[in-house]
Every structure is written in structure tokens, then in C-alpha cells.
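Undergrad: below: sequence and its predicted model.
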Protein chains: 2
Amino acid sequence: MKQIPNIQTTKIVNTTGEFFQSAFSVDNVIFGFDETDLKVLLIKRGTEPFNNYWALPGDLVHPEEDLHSAAERILLQLTGVKNVYLEQVYTFGDVHRHPLGRVITIAYYSLVKIEDFTLTPSSFAQQTEWHSVKEIGELAFDHNEILDSCLNALKQRVRVRPIGFELLPPKFSLTKLQHLYEAILEIELDKRNFRKKILSMNLLKHSDLQQEKVAHRPARLFEFDKEKYEQLKKQGFHFEI
Amino acid sequence: MKQIPNIQTTKIVNTTGEFFQSAFSVDNVIFGFDETDLKVLLIKRGTEPFNNYWALPGDLVHPEEDLHSAAERILLQLTGVKNVYLEQVYTFGDVHRHPLGRVITIAYYSLVKIEDFTLTPSSFAQQTEWHSVKEIGELAFDHNEILDSCLNALKQRVRVRPIGFELLPPKFSLTKLQHLYEAILEIELDKRNFRKKILSMNLLKHSDLQQEKVAHRPARLFEFDKEKYEQLKKQGFHFEI
DNA sequence: TCAAAAGTGTTCTTATTACACCCATGG
DNA sequence: CCATGGGTGTAATAAGAACACTTTTGA
């Protein structure tokens, strides 16, 4: 998949007869979590402009395609996964943000379970790779700015919505969950207080499973109870970490 | 000002040779506050589609214009005011949201001091009027949805950023400020607790002025201390009501 | 002197923080 | 038997909620 395959010919004729080039695209910041680090899926561009730069996956929005669907399509093409948590963040539209024309882009982020798929080199991109958000170099276009805005949005939203679970396998230990919050929020949490708080919400049902084959006391595995959450939300419950 | 003066001729030629019509616009939800009510500035459309419907002020983004600038221009044309608090909220891009073509729109809201200007009928719109957000009928296009999203964004953001002041004159009483929060958040606040909290932040400097000619004990007038806020913010201070 | 809104503290309740040891497992 | 991470409770502190009367002014 190319960022902007090549610049589209676009004409907008306004009432005074002016013409201009324009188009809109969607960029999708795909987040994953692996034990310790928050990661983001980047593709290495194989065409100008910004040839050989790492970039966010994105594409022009198709004529008969909603913005949300475009973001889903990008994700599906790159990872093969569907039905993923996806949220719009911000639209970037500076006149000169794209060197080849007037292209505004709507930024989304997705939260995926990093173990749900293996990356296969796409025919469009030279490379697709998970990068720790702590080690991101200079990206193509204004993608550093876009990534930052999505990271900030995630930081804010993960505290007040039960979306952290989207990054974990269905069954997880409380320690994993704590590490997830610590990685996203870039803070340290107290183990006992964290457990007390998350368990007091009654949103986790403990499966009877445990970790296996670990060289220490095995952790109990929990599941997020989505129905319970929807039910509590109707009653005015407000999630907060 | 017309919403979409008439549908623009737009061609996007993608790599497979398809053509399609597209354009992008900005809609600006302009909020004001008058003593008791949160209001929004609407214009009555004078052209099809949605002739005679109330609509949000908006326009196509010009070729050499940033999105933010477009939102500022719409506000300036309608009200004559500049340097106003303005924030992007969400981009609406459903395929059929505009009956005459593919037009996505980036929603902004502005916070204005309602007494800073008087409305003069614009040459483009039949009518421009403040409407209480509690009494909004059916608007043109998907503007009810856009307004709702901006209202929600305002509700969330006004609690954690000192932006309520943007809706008040430079000098205001604590009771006015309280009523503002009550109107936006749609809750009742305790007078003593509210005062304690807002004053404890040390963001208000009390001018030596008082209300005059009121048939009750005159209120002290306060000013928001923006420099103080910027300074505290650097030290990690977090505004919250 | 009345009506109307301004202004002001204390107590109670709830949430948040800080903190240290024993447990179960695999190697 | 050692190393590793899992699991647990209590006391201190801070934040939030509830609540009623006096003051100042104009009419």
C-alpha cells in the first residue's frame, strides 16, 4: 500500500471559476502492546516523495467509502484483522502538508492484539514493522505530528474508557494490564492500589485459568466483561483509572 | 454566506482511472453565553438544498487556506470578531451526508463573548440568530449530529481547560462563572464548594471593581489570569472543575 | 423595610496514597 | 533451595459533599 500512490488529479471549481487540486486521505495509527512496550505499525515507503522513510499506513478515501470504512480497509489490507477498536482523532489540513498537492488527512488510531496476526510484507510497501513509540525517528510527511496527536488522544481516552483491553489477549493477568497502563500513561502504578481499583469496578471476571509453565507463582487470568460494562454505563457508571 | 453555494465540480482521478466528485468544507459551531443559557449561532439557508432550514455556518475550504484559517474566516465574516478561541472537534464524511456530492466537513467550535458584537444580516444568509442549545429544531444536512458532537466536546473540555472564560466578558462575578458551568455541564453546583475550588487554583485575580446599580449586594468582579495559568501549566498544574 | 443575590466555614464522608511480607512455581 | 513475579490489608491523608445564615444594595 502506498501512502498516496501518485498524486490524484483533482479539480474543484468554485463559484468564481477558480480551480484547485484537492483530495482527502485517512491515516491509521495502529497500536499494539507486547509485554512491556506500546508499539505502532509503520510502513517503509517505496516511492517518492519521502522514499525510504517510515510512514503511517494510509490511503486516499474511495469515492463510495465512509471515512471510518477507509480506516478499516487500511487496517485490513495491512494486517488481515477486522472488527477492531478504531477511533477518529484529528484532521490535518495545512496547505503544504503534502508536497504534491492539497491533501488533507483524517487521522485514526486502532488498537489491535499484537499476537492476532503475523506481518507479511505487503506488495505495496517494502517493509511493515512494529516500532516502539519510544523510538520513532523522522517520519514521512507530517506523520510525526499525526502520531503524537494519536498518542495523546490514546493517553487521555485510555484513562476514561475501558479500551486498554483491546490491546491484550482475551485472558490476561492483572500485572499485564498494569504494565499496559504504565506504558501508555508513562507513569508507575502501585500494584496493590491498581488491583484494588480495577477489581472494585467489577468489570473483570476471573476465568478459572492460570498462567502455565512460568518460573514463578502462576497468575490468575481475567477477562473483560463487556456486557457488564454496557449495563453499568447505562446506569451512569463512569470508567476511570 | 451559503453553506455550500452550489455544488462544486470536482474530479478526482485515482490510479485506476475512476472519477469522482469531492470537496471539503468547515462548519463552525459558534457558542455564546447570555446570563443563563448556552447559545449557538445559526443561519437560515436561502438556497436549496435545505432551503429555509437553520444551519451551522460553514463554507468550502479555499485552495490556499488552512482548515483553521477557514474556520476563522467563517467566524469573521459572520460576526466581525477575530482572535477567538477555536478548536477542531471531528470530521464528518459519510458518503451521502451531502445530497449533491461527496463533501466531507471538518467541525470546529468557537467560544465568543456574546456582547462583543451585534448581528447584522449578512448578504449571504437570510437570517443569523442565537439559539439556545436547549431549543434546536431540525437543522440542515447532518448539522444536528455535528452540533451534538461539538456540545459534547465542549462539555468535556470545559472541565479540564480554563476556556469557560472565553464566553464571559473580561470581568465577571463568580456567580456568573458558576452559572456558565451549570449551563454547559447541565448540572447544579454548590455555591460555596464552587467558589472554594475555583479560588484555590489562584487563577482569578480580583479587580477592585464591583457590580453597580444592582438591587442587591454588588458582586466583586474577577479576571482570569492567563499568564499565571501558563506559568502553572509549565509546572504540571492541571485545571479541573 | 423588603427583596434579591453576595458572601462565608465546618463537619462528614469518600477516595487516594503509601507501604512490606509471604506464596507458588520452574529450574 | 533459589530466583521470579503473584498476591494481599491497613493506616494516614487528601479531596469532595452537604449544609444555613449574615451582608449589602436599590427600590
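TA: Yes, it's here.

Undergrad: and A:L78, how many neighbours?
TA: Neighbours of A:L78 under the rule other Cβ atoms under 10 Å in any protein chain shown: 22. No exception for glycine: its C-beta is placed from N, CA and C like everyone else's.

Undergrad: from memory it sits against A:G58, does it?
TA: No - using Cβ atoms under 8 Å, A:L78 is not in contact with A:G58, being 10.2 Å away.

Undergrad: pull the residues that contact the longest helix out of those in chain A.
TA: In chain A, assigned by DSSP state H, the helix with the most residues is helix A:143-160. With Cβ atoms under 8 Å, 6 or more residues apart in numbering or on different chains as the test, helix A:143-160 has contacts from A:27, A:29, A:31, A:40, A:55-56, A:87, A:89-90, A:92, A:105, A:107-109, A:133, A:136, A:138-139, A:163-164, A:181, A:184-186, A:238-241.

Undergrad: how does it look with 6 Å?
TA: A:27, A:29, A:55-56, A:89-90, A:107, A:109, A:164, A:184, A:240-241 (Cβ atoms under 6 Å, 6 or more residues apart in numbering or on different chains).

Undergrad: again, but for stretch A:174-182
TA: A:33, A:164, A:189, A:194-195, A:241.

Undergrad: swap the cut-off to 10 Å and go again
TA: The set of residues external to stretch A:174-182 that reach it, using Cβ atoms under 10 Å, 6 or more residues apart in numbering or on different chains, is A:33, A:35-38, A:158-159, A:164-165, A:167-169, A:172-173, A:187-191, A:194-195, A:198-199, A:204, A:206, A:211, A:219-222, A:224, A:241.

Undergrad: circling back to that earlier point, okay, and which of the contacts of helix A:143-160 map to strands?
TA: Using DSSP state E, the subset of the contacts of helix A:143-160 located in strands is A:27, A:29, A:55, A:89-90, A:107, A:109.

Undergrad: restrict the residues you listed to contacts with DNA strand C.
TA: Among the ones in strands among the contacts of helix A:143-160, no residue sits close to DNA strand C (Cβ under 7 Å from any atom of the strand).

Undergrad: quick one: buried ones out of those residues?
TA: Burial by neighbour count, 16 or more other Cβ atoms under 10 Å in any protein chain shown: within the ones in strands among the contacts of helix A:143-160 this picks out A:27, A:29, A:55, A:89-90, A:107, A:109.

Undergrad: enumerate the residues of chain A near DNA strand C.
TA: So far as Cβ under 7 Å from any atom of the strand goes, chain A lies against DNA strand C at A:190-193, A:196-197, A:210, A:212-218, A:240.

Undergrad: out of these, who's nearest chain B?
TA: Relative to chain B, the closest of the residues of chain A next to DNA strand C is A:E240; by Cβ to the nearest Cβ it sits at 12.6 Å.

Undergrad: run a quick neighbour tally on the residue lying closest to A:I241 once chain neighbours are set aside.
TA: Leaving aside its sequence neighbours, A:I241 sits nearest to A:R159 (Cβ to Cβ, 6 or more residues apart in numbering or on different chains; 5.0 Å). The tally of other residues near A:R159 (other Cβ under 10 Å) stands at 15.

Undergrad: what sits against the residue nearest to A:L41 when sequence neighbours are not counted?
TA: Nearest residue to A:L41, sequence neighbours excluded (Cβ to Cβ, 6+ apart): A:I30, at 4.0 Å. A:I30 sits next to A:39-42, A:56-57, A:71, A:74-75, A:78-79, A:81, A:84, A:86, A:108-112, A:114, A:128, A:130, A:150 when contact means Cβ under 10 Å, 6+ apart.

Undergrad: okay, now the unreliable bits of chain A?
TA: Low-confidence regions of chain A, defined by pLDDT under 70, span residues A:1-21, A:120-126.

Undergrad: what residues go with each domain of it?
TA: A:10-158, A:174-235 (automatic domain parsing).

Undergrad: now do the last one: distance to the chain's middle.
TA: Using Cα atoms, centre = their mean, to the nearest Å, the mean C-alpha position of domain A:174-235 is found 21 Å from that of the whole chain.

Undergrad: is any residue of that domain near DNA strand D?
TA: Yes - for domain A:174-235 and DNA strand D, the contact criterion (Cβ under 7 Å from any atom of the strand) is met by A:174-175, A:191-193, A:195-196, A:210, A:215-220.

Undergrad: let me know the closest of those residues to A:L100.
TA: A:T175 (47.9 Å; Cβ to Cβ).

Undergrad: which SS class is the closest one?
TA: helix (DSSP: H, G, I helix; E, B strand; the rest coil).

Undergrad: re earlier: specify which member of the residues of domain A:174-235 next to DNA strand D is nearest to A:G101.
TA: A:T175 (48.9 Å).

Undergrad: burial measure for the closest one, as a count.
TA: Count around A:T175 with other Cβ under 10 Å applied: 13.

Undergrad: the longest helix of chain A: which residues count as buried?
TA: Here helix A:143-160 shows A:143, A:146-147, A:149-151, A:153-154, A:157-158 as buried, counting by 16+ other Cβ under 10 Å.
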